[in-house]
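In: return a 3D structure for these sequence lines:
(one chain, ligands or ions: 1)
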Amino acid sequence: MTGRFSGQVAYVLGGGSDGPARSGESLPMGNGRAIAMRLSGEGATVVVGDKILERAQTTVAHLDGPGLSVEVDASDAASCAAAVAVAADFFGRLDIVVCNVGVSGREPLKVQSLEDWTFASDVNVRSHWLTAQAALPGMLDSGSGTFVFVGSTAGILSSRRSLSYEATKAAQLAVMRHVAVRYADRGIRSNAVVLGNIDSALVRREFGEDGSMARAQVVPMAREGRPEEAAAAVAFLASDDAAYITGQSLVVDGGVSAAWPVPRP
Ligand SMILES: NC(=O)c1ccc[n+]([C@@H]2O[C@H](COP(=O)([O-])OP(=O)(O)OC[C@H]3O[C@@H](n4cnc5c(N)ncnc54)[C@H](O)[C@@H]3O)[C@@H](O)[C@H]2O)c1
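Out: Purely as a prediction, here's the structure:
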(Lines give C-alpha, C1' and ligand atoms only; values in the text may rest on other atoms or scores of the structure.)
Protein backbone atom coordinates (compact mmCIF):
# COMPACT_ATOMS: atom_id res chain seq x y z
CA MET A 1 0.00 0.00 0.00
CA THR A 2 1.10 3.55 -0.66
CA GLY A 3 0.70 6.28 1.94
CA ARG A 4 -1.60 8.46 -0.13
CA PHE A 5 -3.49 9.55 2.99
CA SER A 6 -0.63 9.95 5.45
CA GLY A 7 -1.40 12.75 7.91
CA GLN A 8 -5.04 12.95 6.82
CA VAL A 9 -8.18 12.27 8.84
CA ALA A 10 -11.15 10.54 7.23
CA TYR A 11 -14.70 10.08 8.47
CA VAL A 12 -16.80 7.19 7.16
CA LEU A 13 -20.52 7.45 7.88
CA GLY A 14 -21.92 3.92 8.01
CA GLY A 15 -18.50 2.34 8.51
CA GLY A 16 -19.59 -0.77 10.33
CA SER A 17 -21.03 -3.80 8.57
CA ASP A 18 -24.42 -5.42 8.87
CA GLY A 19 -24.85 -8.95 7.67
CA PRO A 20 -23.17 -12.32 7.35
CA ALA A 21 -19.52 -12.78 6.43
CA ARG A 22 -18.50 -14.27 3.10
CA SER A 23 -17.94 -18.01 3.03
CA GLY A 24 -14.74 -18.99 4.78
CA GLU A 25 -14.31 -15.55 6.37
CA SER A 26 -15.07 -14.46 9.91
CA LEU A 27 -15.29 -10.67 9.50
CA PRO A 28 -18.51 -9.51 7.82
CA MET A 29 -17.35 -7.17 5.05
CA GLY A 30 -19.49 -4.34 3.80
CA ASN A 31 -18.59 -1.36 1.69
CA GLY A 32 -18.27 1.02 4.63
CA ARG A 33 -15.97 -1.29 6.55
CA ALA A 34 -13.85 -2.00 3.48
CA ILE A 35 -13.56 1.73 2.76
CA ALA A 36 -12.46 2.51 6.31
CA MET A 37 -9.88 -0.28 6.21
CA ARG A 38 -8.57 0.80 2.80
CA LEU A 39 -8.16 4.45 3.81
CA SER A 40 -6.41 3.32 6.98
CA GLY A 41 -4.19 0.97 5.01
CA GLU A 42 -3.06 3.96 2.98
CA GLY A 43 -2.20 6.03 6.03
CA ALA A 44 -5.38 7.83 7.06
CA THR A 45 -6.58 8.18 10.61
CA VAL A 46 -10.17 6.98 10.32
CA VAL A 47 -13.24 7.93 12.31
CA VAL A 48 -15.95 5.32 11.87
CA GLY A 49 -19.57 6.35 12.47
CA ASP A 50 -22.36 3.83 12.86
CA LYS A 51 -25.75 3.58 14.52
CA ILE A 52 -24.53 0.43 16.27
CA LEU A 53 -21.37 1.45 18.10
CA GLU A 54 -20.14 -2.13 18.33
CA ARG A 55 -20.07 -2.40 14.54
CA ALA A 56 -17.95 0.75 14.32
CA GLN A 57 -15.68 -0.57 17.06
CA THR A 58 -15.17 -3.81 15.15
CA THR A 59 -14.08 -1.82 12.11
CA VAL A 60 -11.72 0.33 14.16
CA ALA A 61 -10.22 -2.84 15.66
CA HIS A 62 -9.30 -3.92 12.13
CA LEU A 63 -7.68 -0.65 11.03
CA ASP A 64 -3.96 -0.50 10.31
CA GLY A 65 -3.53 2.75 12.24
CA PRO A 66 -5.31 5.12 14.61
CA GLY A 67 -9.07 5.39 14.57
CA LEU A 68 -12.13 6.34 16.55
CA SER A 69 -15.62 4.89 16.65
CA VAL A 70 -18.61 7.21 16.95
CA GLU A 71 -22.27 6.43 17.48
CA VAL A 72 -24.43 8.25 14.94
CA ASP A 73 -27.95 7.72 13.66
CA ALA A 74 -28.16 8.92 10.08
CA SER A 75 -31.95 9.11 10.30
CA ASP A 76 -31.60 11.73 13.03
CA ALA A 77 -30.65 15.19 11.75
CA ALA A 78 -28.91 16.44 14.89
CA SER A 79 -26.91 13.24 15.24
CA CYS A 80 -25.32 13.68 11.79
CA ALA A 81 -23.79 17.07 12.57
CA ALA A 82 -22.82 16.05 16.09
CA ALA A 83 -20.84 13.07 14.79
CA VAL A 84 -18.91 15.25 12.35
CA ALA A 85 -18.05 17.63 15.20
CA VAL A 86 -16.70 14.74 17.27
CA ALA A 87 -14.70 13.45 14.32
CA ALA A 88 -13.19 16.85 13.51
CA ASP A 89 -12.50 17.82 17.12
CA PHE A 90 -10.92 14.57 18.24
CA PHE A 91 -8.08 14.58 15.73
CA GLY A 92 -8.14 18.33 15.01
CA ARG A 93 -8.90 18.12 11.30
CA LEU A 94 -11.08 16.41 8.73
CA ASP A 95 -9.76 15.87 5.21
CA ILE A 96 -11.95 13.13 3.76
CA VAL A 97 -15.64 12.45 4.31
CA VAL A 98 -17.20 9.29 2.91
CA CYS A 99 -21.00 9.24 3.00
CA ASN A 100 -21.59 5.51 2.77
CA VAL A 101 -24.71 4.86 4.80
CA GLY A 102 -27.72 3.73 2.79
CA VAL A 103 -30.90 1.75 3.18
CA SER A 104 -32.76 0.00 0.39
CA GLY A 105 -36.50 0.09 0.39
CA ARG A 106 -38.27 -2.65 -1.51
CA GLU A 107 -41.48 -0.93 -2.55
CA PRO A 108 -42.43 -0.26 -6.19
CA LEU A 109 -44.71 2.68 -6.99
CA LYS A 110 -47.97 0.76 -6.50
CA VAL A 111 -47.24 0.15 -2.83
CA GLN A 112 -44.69 2.87 -2.08
CA SER A 113 -45.47 4.10 1.41
CA LEU A 114 -44.82 7.52 2.85
CA GLU A 115 -43.01 5.96 5.78
CA ASP A 116 -40.53 4.07 3.60
CA TRP A 117 -40.04 7.09 1.32
CA THR A 118 -39.31 9.40 4.24
CA PHE A 119 -36.96 6.97 5.96
CA ALA A 120 -34.99 6.29 2.77
CA SER A 121 -34.82 10.00 2.06
CA ASP A 122 -33.60 10.81 5.58
CA VAL A 123 -30.88 8.16 5.56
CA ASN A 124 -29.80 8.14 1.91
CA VAL A 125 -29.87 11.87 1.16
CA ARG A 126 -30.60 14.09 4.14
CA SER A 127 -27.89 12.53 6.30
CA HIS A 128 -25.40 13.02 3.47
CA TRP A 129 -26.01 16.72 2.91
CA LEU A 130 -26.12 17.34 6.66
CA THR A 131 -22.82 15.53 7.09
CA ALA A 132 -21.26 17.45 4.20
CA GLN A 133 -22.64 20.73 5.52
CA ALA A 134 -21.15 20.08 8.96
CA ALA A 135 -17.75 19.15 7.54
CA LEU A 136 -17.55 21.95 5.00
CA PRO A 137 -16.61 24.98 7.16
CA GLY A 138 -13.43 23.36 8.49
CA MET A 139 -12.46 22.28 4.99
CA LEU A 140 -13.06 25.78 3.61
CA ASP A 141 -10.92 27.20 6.39
CA SER A 142 -8.07 24.86 5.54
CA GLY A 143 -8.59 25.27 1.80
CA SER A 144 -8.94 21.57 1.06
CA GLY A 145 -11.26 18.64 1.56
CA THR A 146 -12.74 15.72 -0.29
CA PHE A 147 -16.16 14.12 -0.24
CA VAL A 148 -16.99 10.72 -1.67
CA PHE A 149 -20.61 9.57 -1.76
CA VAL A 150 -21.41 5.87 -2.05
CA GLY A 151 -24.11 5.61 -4.66
CA SER A 152 -25.81 2.84 -6.56
CA THR A 153 -26.63 2.04 -10.16
CA ALA A 154 -30.20 2.29 -8.83
CA GLY A 155 -29.60 6.04 -9.01
CA ILE A 156 -29.13 5.89 -12.78
CA LEU A 157 -31.04 2.73 -13.77
CA SER A 158 -34.28 1.29 -12.45
CA SER A 159 -34.20 -2.16 -10.88
CA ARG A 160 -38.02 -2.11 -10.79
CA ARG A 161 -37.64 -2.99 -7.11
CA SER A 162 -37.70 0.13 -5.01
CA LEU A 163 -38.90 3.60 -5.90
CA SER A 164 -37.56 5.23 -2.74
CA TYR A 165 -34.09 3.71 -3.20
CA GLU A 166 -33.87 4.72 -6.84
CA ALA A 167 -35.13 8.25 -6.20
CA THR A 168 -32.92 8.89 -3.18
CA LYS A 169 -29.84 7.47 -4.87
CA ALA A 170 -30.47 9.82 -7.81
CA ALA A 171 -30.90 12.75 -5.42
CA GLN A 172 -27.67 11.80 -3.66
CA LEU A 173 -25.79 12.33 -6.93
CA ALA A 174 -27.33 15.79 -7.19
CA VAL A 175 -26.04 16.61 -3.70
CA MET A 176 -22.61 15.35 -4.73
CA ARG A 177 -22.60 17.56 -7.86
CA HIS A 178 -23.80 20.62 -5.96
CA VAL A 179 -20.99 20.35 -3.42
CA ALA A 180 -18.50 19.85 -6.25
CA VAL A 181 -19.53 22.77 -8.41
CA ARG A 182 -20.29 25.26 -5.66
CA TYR A 183 -16.98 24.84 -3.81
CA ALA A 184 -14.60 23.70 -6.58
CA ASP A 185 -12.66 26.97 -6.54
CA ARG A 186 -12.08 26.73 -2.78
CA GLY A 187 -10.18 23.48 -2.68
CA ILE A 188 -13.11 21.12 -2.20
CA ARG A 189 -13.70 18.06 -4.36
CA SER A 190 -16.82 15.92 -4.34
CA ASN A 191 -17.43 12.70 -6.27
CA ALA A 192 -19.43 9.48 -6.07
CA VAL A 193 -18.93 5.82 -6.69
CA VAL A 194 -21.95 4.24 -8.32
CA LEU A 195 -21.93 0.61 -7.30
CA GLY A 196 -23.48 -2.34 -9.06
CA ASN A 197 -23.79 -5.79 -7.51
CA ILE A 198 -21.31 -6.01 -4.67
CA ASP A 199 -20.87 -9.20 -2.65
CA SER A 200 -21.29 -7.36 0.63
CA ALA A 201 -22.74 -8.19 4.01
CA LEU A 202 -25.67 -5.95 3.03
CA VAL A 203 -26.56 -8.02 -0.03
CA ARG A 204 -26.07 -11.30 1.85
CA ARG A 205 -28.37 -10.01 4.57
CA GLU A 206 -31.10 -8.83 2.21
CA PHE A 207 -30.95 -11.34 -0.64
CA GLY A 208 -29.03 -14.31 0.73
CA GLU A 209 -25.80 -15.85 -0.40
CA ASP A 210 -27.59 -18.34 -2.64
CA GLY A 211 -28.54 -15.67 -5.16
CA SER A 212 -24.92 -14.77 -5.80
CA MET A 213 -24.61 -16.77 -9.00
CA ALA A 214 -27.95 -15.52 -10.29
CA ARG A 215 -26.95 -11.92 -9.61
CA ALA A 216 -23.68 -12.49 -11.43
CA GLN A 217 -25.58 -13.69 -14.52
CA VAL A 218 -26.38 -10.14 -15.56
CA VAL A 219 -22.83 -8.92 -15.10
CA PRO A 220 -20.54 -8.85 -18.16
CA MET A 221 -17.62 -9.74 -15.88
CA ALA A 222 -19.69 -12.77 -14.75
CA ARG A 223 -19.19 -12.11 -11.06
CA GLU A 224 -20.26 -9.76 -8.32
CA GLY A 225 -17.88 -7.06 -7.19
CA ARG A 226 -16.22 -7.09 -3.79
CA PRO A 227 -16.42 -4.41 -1.12
CA GLU A 228 -12.65 -4.09 -1.40
CA GLU A 229 -13.08 -3.15 -5.07
CA ALA A 230 -15.63 -0.50 -4.13
CA ALA A 231 -13.19 0.75 -1.51
CA ALA A 232 -10.37 0.98 -4.06
CA ALA A 233 -12.53 3.27 -6.20
CA VAL A 234 -13.42 5.41 -3.20
CA ALA A 235 -9.75 5.68 -2.25
CA PHE A 236 -8.86 6.77 -5.76
CA LEU A 237 -11.48 9.54 -5.76
CA ALA A 238 -10.44 10.65 -2.27
CA SER A 239 -6.77 10.80 -3.21
CA ASP A 240 -4.62 13.33 -5.03
CA ASP A 241 -4.56 10.86 -7.93
CA ALA A 242 -8.01 12.31 -8.65
CA ALA A 243 -6.89 15.90 -8.06
CA TYR A 244 -8.56 17.23 -11.22
CA ILE A 245 -11.73 15.14 -10.88
CA THR A 246 -14.79 16.60 -9.24
CA GLY A 247 -18.54 16.30 -9.68
CA GLN A 248 -18.21 12.85 -11.21
CA SER A 249 -19.87 9.48 -10.71
CA LEU A 250 -17.47 6.57 -11.11
CA VAL A 251 -19.47 3.49 -12.01
CA VAL A 252 -18.14 0.29 -10.41
CA ASP A 253 -20.45 -2.39 -11.78
CA GLY A 254 -18.45 -4.96 -13.78
CA GLY A 255 -19.86 -3.50 -16.99
CA VAL A 256 -23.58 -3.83 -16.26
CA SER A 257 -24.52 -0.27 -17.20
CA ALA A 258 -22.47 -0.42 -20.40
CA ALA A 259 -24.14 -3.58 -21.67
CA TRP A 260 -26.94 -4.13 -24.13
CA PRO A 261 -29.53 -6.02 -22.03
CA VAL A 262 -29.15 -9.52 -23.44
CA PRO A 263 -27.81 -12.57 -21.58
CA ARG A 264 -24.14 -13.36 -21.94
CA PRO A 265 -23.48 -15.87 -24.75
N1 LIG B 1 -23.79 -4.04 -1.68
C2 LIG B 1 -24.23 -3.63 -2.83
O3 LIG B 1 -24.44 -4.42 -3.75
C4 LIG B 1 -24.47 -2.18 -3.05
C5 LIG B 1 -24.78 -1.77 -4.33
C6 LIG B 1 -24.98 -0.46 -4.58
C7 LIG B 1 -24.84 0.47 -3.56
N8 LIG B 1 -24.55 0.08 -2.31
C9 LIG B 1 -24.44 1.11 -1.29
O10 LIG B 1 -23.45 0.82 -0.34
C11 LIG B 1 -23.77 1.48 0.87
C12 LIG B 1 -23.79 0.57 2.08
O13 LIG B 1 -22.98 -0.50 1.93
P14 LIG B 1 -22.51 -1.38 3.18
O15 LIG B 1 -22.07 -2.66 2.59
O16 LIG B 1 -21.52 -0.63 3.98
O17 LIG B 1 -23.87 -1.58 3.99
P18 LIG B 1 -24.26 -2.20 5.43
O19 LIG B 1 -25.69 -2.60 5.34
O20 LIG B 1 -23.26 -3.23 5.84
O21 LIG B 1 -24.22 -0.94 6.37
C22 LIG B 1 -23.04 -0.34 6.84
C23 LIG B 1 -23.31 0.16 8.20
O24 LIG B 1 -24.31 1.19 8.18
C25 LIG B 1 -24.92 1.17 9.43
N26 LIG B 1 -26.19 1.90 9.42
C27 LIG B 1 -27.38 1.50 8.95
N28 LIG B 1 -28.31 2.44 9.18
C29 LIG B 1 -27.68 3.46 9.80
C30 LIG B 1 -28.10 4.70 10.31
N31 LIG B 1 -29.37 5.10 10.24
N32 LIG B 1 -27.17 5.51 10.88
C33 LIG B 1 -25.89 5.12 10.98
N34 LIG B 1 -25.43 3.94 10.53
C35 LIG B 1 -26.32 3.12 9.95
C36 LIG B 1 -25.10 -0.30 9.76
O37 LIG B 1 -25.21 -0.51 11.15
C38 LIG B 1 -23.85 -0.91 9.16
O39 LIG B 1 -22.88 -1.19 10.14
C40 LIG B 1 -25.17 2.07 0.71
O41 LIG B 1 -25.07 3.43 0.40
C42 LIG B 1 -25.69 1.27 -0.47
O43 LIG B 1 -26.71 1.96 -1.15
C44 LIG B 1 -24.37 -1.23 -2.04
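
In: where do the helices of the stretch 101-250 of the chain begin and end?
Out: 114-121, 127-142, 163-183, 201-207, 212-217, 227-238 (DSSP state H, counting those that start in this stretch).

In: check contacts around Gly254.
Out: Residues in contact with Gly254 (C-beta atoms under 8 Å, 6 or more residues apart in numbering) are Gly196, Asn197, Val219, Pro220, Met221, Arg223, Glu224, Gly225. Bear in mind the C-beta positions are built from the backbone N, C-alpha and C, glycine included.

In: re earlier: and the helices of the stretch 101-250 of the chain as a markdown table, adding mean neighbour count and mean pLDDT?
Out: Listed next are those as a markdown table, based on neighbours: other C-beta atoms under 10 Å; pLDDT from 0 to 100:
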| stretch | mean neighbour count | mean pLDDT |
| --- | --- | --- |
| helix 114-121 | 16 | 97 |
| helix 127-142 | 20 | 98 |
| helix 163-183 | 20 | 98 |
| helix 201-207 | 19 | 86 |
| helix 212-217 | 13 | 79 |
| helix 227-238 | 23 | 98 |
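
In: figure out which of those is closest to the ligand.
Out: Each of the helices of the stretch 101-250 of the chain has some distance to the ligand by C-beta to the nearest ligand atom; the shortest is helix 201-207, at 3.5 Å.

In: flag every residue of the stretch 101-250 of the chain that's near the ligand.
Out: When proximity is defined as C-beta under 6 Å from any ligand atom, the stretch 101-250 of the chain approaches the ligand at 101-103, 123, 150, 152, 195, 197-198, 200-203.

In: ok, the residue nearest the centre of the chain - contacts?
Out: Per C-alpha atoms, centre = their mean, the C-alpha nearest to the average position across the chain is that of Asn100, at 2.4 Å. By C-beta under 8 Å, 6+ apart, the residues touching Asn100 are Val12, Leu13, Gly14, Gly15, Asn31, Gly32, Ile35, Val150.

In: burial measure for the second one, as a count.
Out: For Leu13, the number of neighbouring residues by other C-beta atoms under 10 Å comes to 29.

In: what does the last one give?
Out: A count of nearby residues for Val150, using other C-beta under 10 Å, gives 29.

In: which helices and strands does the helix or strand of the chain at the bottom of the mean pLDDT ranking pack with?
Out: Lowest on mean pLDDT, DSSP states H and E among the helices and strands of the chain sits helix 212-217, with a mean of 79. Packed against helix 212-217, as judged by 3 or more C-beta pairs under 8 Å, 6 or more residues apart in numbering; DSSP states H and E, are no other helices or strands.

In: flag the shaky bits of the protein, pLDDT-wise.
Out: Filtered on pLDDT under 70, the chain yields the residue ranges 1-2, 211.

In: near the ligand at all, stretch 33-51?
Out: Yes: using C-beta under 6 Å from any ligand atom, stretch 33-51 reaches the ligand at Asp50, Lys51.

In: stretch 60-73 now?
Out: Yes: Stretch 60-73 reaches the ligand (C-beta under 6 Å from any ligand atom) through Val72, Asp73.

In: contact partners of that stretch?
Out: Stretch 60-73 is contacted by residues 13, 27, 33, 36-37, 40-41, 43-53, 56-57, 59, 79-80, 82-83, 86-87, 90-91 when judged by C-beta under 8 Å, 6+ apart.

In: which among those residues end up buried?
Out: Buried members of these, scored by 16 or more other C-beta atoms under 10 Å, are 13, 33, 36-37, 40-41, 43-51, 56-57, 59, 79-80, 82-83, 86-87, 91.

In: how about the closest residue to Arg161 other than its chain neighbours, what does it touch?
Out: Distances taken as C-beta to C-beta, 6 or more residues apart in numbering place Arg106 nearest to Arg161, at 6.0 Å, with adjacent residues excluded. Contacts for Arg106 (C-beta under 8 Å, 6+ apart) come out as Arg161, Ser162, Tyr165.
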